[in-house]
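Visitor: Got a sequence here, can you build the structure:
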Amino acid sequence: MDTTIKPLVTVPKAEFSEKLYSTLIWGGILAALAWGFFPAEINRMVELWTNRANMAEKIMDYSSADFRHWHQYLRAMLETIQMAVWGSVLAVIFSVPFGLLSAANITPQWLRFPTRRLMDSFRAINELIFALVFVSAVGLGPLAGVLALTVHTTGTLAKLFSEAVEAIDTRPVEGIRATGAGKLQEIVYGVIPQVLPLWTSYSLYRYEANVRAATVLGIVGAGGIGFYLFDAMRAFKYDVTTAIVLIIIVAVTLTDMLSQVLRNVIIDGSNHKQLIAYLLMIGTLVLVIELALADIIPLDFLFKAVS
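Guide: Numbers count the residues shown, from 1 in each chain. Modelled structure (predicted):
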């Protein structure tokens, strides 16, 4: 009697073309890694261990923090966050039309190609370069930083938005088209509802990234805390650098937490109470900082304690 258990489902073997494509892809990745191994000095990675004493010595230089000028640092950090908020909001506004114009499934080639190349240029140029250009136009200050973040972020979000549009289910759009609706109605009622969760997630992520990016725009005079950070590093003031970096870390952490709660509320429809509590906490913190900067309430004792 044959007791061999026969499989219920037979898994088809991969075709030769699929194997060939897989081999070419993995071979290309390995070839790219091998090509850049020595130019990127990956062979020197062992020096992280052999020179660990040097790293430990450098880290000890940053073991203390000087918060004597905390008024300046907090005011600059608030300005940095305000720059990131405005830069992100303006970028989202511009990215919606540019993202739709870059999508292959709703925009013709003659219009899509130049739009994508324009977004490529926005994305390829660093925020610092844009900040230098805008400083020459509007002068020193946060406005140049806001414009730089807006342009660069628009290039990034437009690409992400267009890829989300290209991945939609076409059946709802076709159904709306069958009713005699126009192109704009197809987009508003058939495309936007499908991509809105992804667009929201991408926008929140870019806001987090913009908070980090805005911290260095002050190097070229585009506002924010970057000016103080660059000045402290250039003067080898390690304790001042540590104080500024700690403020940046706290701000970025709070931003990340807020983005996570917002994402859950907008996409999943949950954590409404947590969002309210968090917004109250952030609002109270900002109010306390503003009152402290106006010398209405004292906070010197707090920063002396952590110095």
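Visitor: so where's the stretch 1-150 of the chain shaky on pLDDT?
Guide: By pLDDT under 70, the weakly predicted segments of the stretch 1-150 of the chain are 1-14, 16.
Visitor: for it, what spans make up the helices?
Guide: 16-35, 47-50, 52-61, 70-101, 109-124, 127-138, 142-166 (DSSP state H, counting those that start in this stretch).
Visitor: now the angle from the fourth one to helix 142-166?
Guide: Between helix 70-101 and helix 142-166, the angle comes out at 40 degrees (axes from the mean of the first three to the mean of the last three Cα atoms, to 10 degrees).
Visitor: So for helix 70-101, what gets flagged as buried?
Guide: Residues 70-71, 73-88, 90-92, 94-96, 98-101 are the ones in helix 70-101 that count as buried (16 or more other Cβ atoms under 10 Å). (C-beta placed from N, C-alpha, C; glycine too.)
Visitor: Ile244 is nearest to which of the helices of the stretch 1-150 of the chain?
Guide: Across these, Ile244 has its closest neighbour in helix 70-101 (5.7 Å, Cβ to Cβ).
Visitor: Could you list every helix and strand in contact with that closest one?
Guide: helix 109-124, helix 142-166, helix 192-214, helix 226-234, helix 238-263, helix 272-293 (3 or more Cβ pairs under 8 Å, 6 or more residues apart in numbering; DSSP states H and E).
Visitor: Alpha carbons only: can I get the fourth one in CSV?
Guide: As requested, C-alpha coordinates have been extracted for helix 226-234 and formatted as CSV (Å, rounded to 0.1, in the frame of the first residue of the first chain):
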residue,chain,number,x,y,z
GLY,A,226,21.9,76.2,12.4
PHE,A,227,23.7,79.5,12.8
TYR,A,228,24.4,78.9,16.5
LEU,A,229,25.3,75.3,15.8
PHE,A,230,27.8,76.1,13.1
ASP,A,231,29.3,78.9,15.1
ALA,A,232,29.8,76.7,18.1
MET,A,233,31.4,73.9,16.1
ARG,A,234,33.6,76.3,14.2
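Visitor: That helix to helix 192-214, inter-axis angle?
Guide: Using the same axes, to 10 degrees: helix 226-234 against helix 192-214 is 40 degrees.
Visitor: which residues sit against helix 226-234?
Guide: Outside helix 226-234, the residues within contact range by Cβ atoms under 8 Å, 6 or more residues apart in numbering are 72-73, 76, 80, 214-219, 221, 240-241, 244-245, 248.
Visitor: so can I have CSV of the helices of the stretch 1-150 of the chain showing distance to Val261?
Guide: Shown next, in CSV, are the helices of the stretch 1-150 of the chain (distance: least, Cβ to Cβ, whole Å):
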stretch, distance to Val261
helix 16-35, 37
helix 47-50, 37
helix 52-61, 33
helix 70-101, 16
helix 109-124, 28
helix 127-138, 27
helix 142-166, 21
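Visitor: Figure out which of these is closest to Ala277.
Guide: helix 70-101 (19.8 Å).
Visitor: Arg112: neighbour count?
Guide: 18 (other Cβ atoms under 10 Å).
Visitor: what sits against it?
Guide: Leu101, Ser102, Ala103, Ala104.
Visitor: and the third one, what does it touch?
Guide: If I follow you right, that is Ala103. Neighbours of Ala103 in contact, by Cβ under 8 Å, 6+ apart: Arg112, Phe161, Ser162, Val165, Glu166.
Visitor: Now do the contacts for the last one.
Guide: Contact analysis of Glu166 by Cβ under 8 Å, 6+ apart lists Ala103, Ala104, Asn105.
Visitor: and which of those residues is nearest to Leu280?
Guide: Ala103 (39.3 Å).
Visitor: Could you measure from that closest one over to Gly175?
Guide: From Ala103 over to Gly175 the distance is 19 Å, taken as Cβ to Cβ, to the nearest Å.
Visitor: swap in Ala292?
Guide: Taking Cβ to Cβ, one finds Ala292 at 57 Å from Gly175.
Visitor: The two - which one has more neighbours?
Guide: Higher neighbour count among Ala292 and Gly175: Ala292, with 19 against 13, using other Cβ under 10 Å.
Visitor: wait, what's in contact with the more buried one?
Guide: Contacts of Ala292 (Cβ under 8 Å, 6+ apart): His71, Leu74, Pro298, Leu299.
Visitor: What is the most widely separated pair among those residues?
Guide: Leu74 and Pro298 (13.6 Å).
Visitor: Now Lys183: closest residue in space that isn't a chain neighbour?
Guide: Among residues not flanking Lys183 along the chain, Ile106 sits closest, at 7.9 Å (Cβ to Cβ, 6 or more residues apart in numbering).
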